[in-house]
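Peer 1: I'll drop the sequence and a predicted model, then ask my questions.
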Amino acid sequence: MSKDLRSPFARAVGLGSAREGVAHWWAQRVTAIALLPLTVWFGAALISIAGSDHASIIHWLQSPLSTIGMVLLLIALFHHTALGLQVVIEDYIHSGIKLPLLIAMRLVCYALAVAGIVASLRITLGG
């Protein structure tokens, strides 16, 4: 015996769940968990190279482990940022600007991720 908790208006309009909430929730949690060790690694790396000259920092980033860690950090960081900002926009923006704002936010987040990845790879590959 299941009781429908929706209002009569909601039942009449027929709007229900978009069935996307769980996937979004899981993506936020997975990126958050991925960011924990990556952020600790990056913080420790920054502390270890603090006060070094430019050449030493470039040499550090040219190591394969550092490059892989940096690329993974950038992917997880900006994907997590986009997911979080999407929730904020969807929850607090209630005008026609919502969709263009969501699109612009996604484009900016992914553009920043790509710029960081390209910069890291250029340093690593000596370009």
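Peer 2: Perfect, I can see it now. Residues are numbered from 1 along each chain as shown.
Peer 1: Name the helix or strand of this protein that has the lowest mean pLDDT.
Peer 2: Ranking every helix and strand in the chain by mean pLDDT, DSSP states H and E puts helix 8-13 at the bottom, with a mean of 70.
Peer 1: Give the next helix or strand downstream of that helix.
Peer 2: Following helix 8-13 in sequence order, the next helix or strand is helix 21-49 (DSSP states H and E).
Peer 1: Apart from its chain neighbours, what residue comes closest to the residue nearest to the spatial centre of the chain?
Peer 2: Central residue of the chain (CA atoms, centre = their mean): H79, 2.0 Å from the mean position. Leaving out its chain neighbours, the residue that sits closest to H79 by CB to CB, 6 or more residues apart in numbering is T31, at 5.4 Å. The C-beta positions use only the backbone N, C-alpha and C, and glycine is treated the same way.
Peer 1: That neighbour - how many residues pack around it?
Peer 2: T31: 20 surrounding residues under other CB atoms under 10 Å.
Peer 1: Quick check: it touching A82?
Peer 2: No. Counting by CB atoms under 8 Å, T31 sits too far from A82 to count as a contact (9.4 Å).
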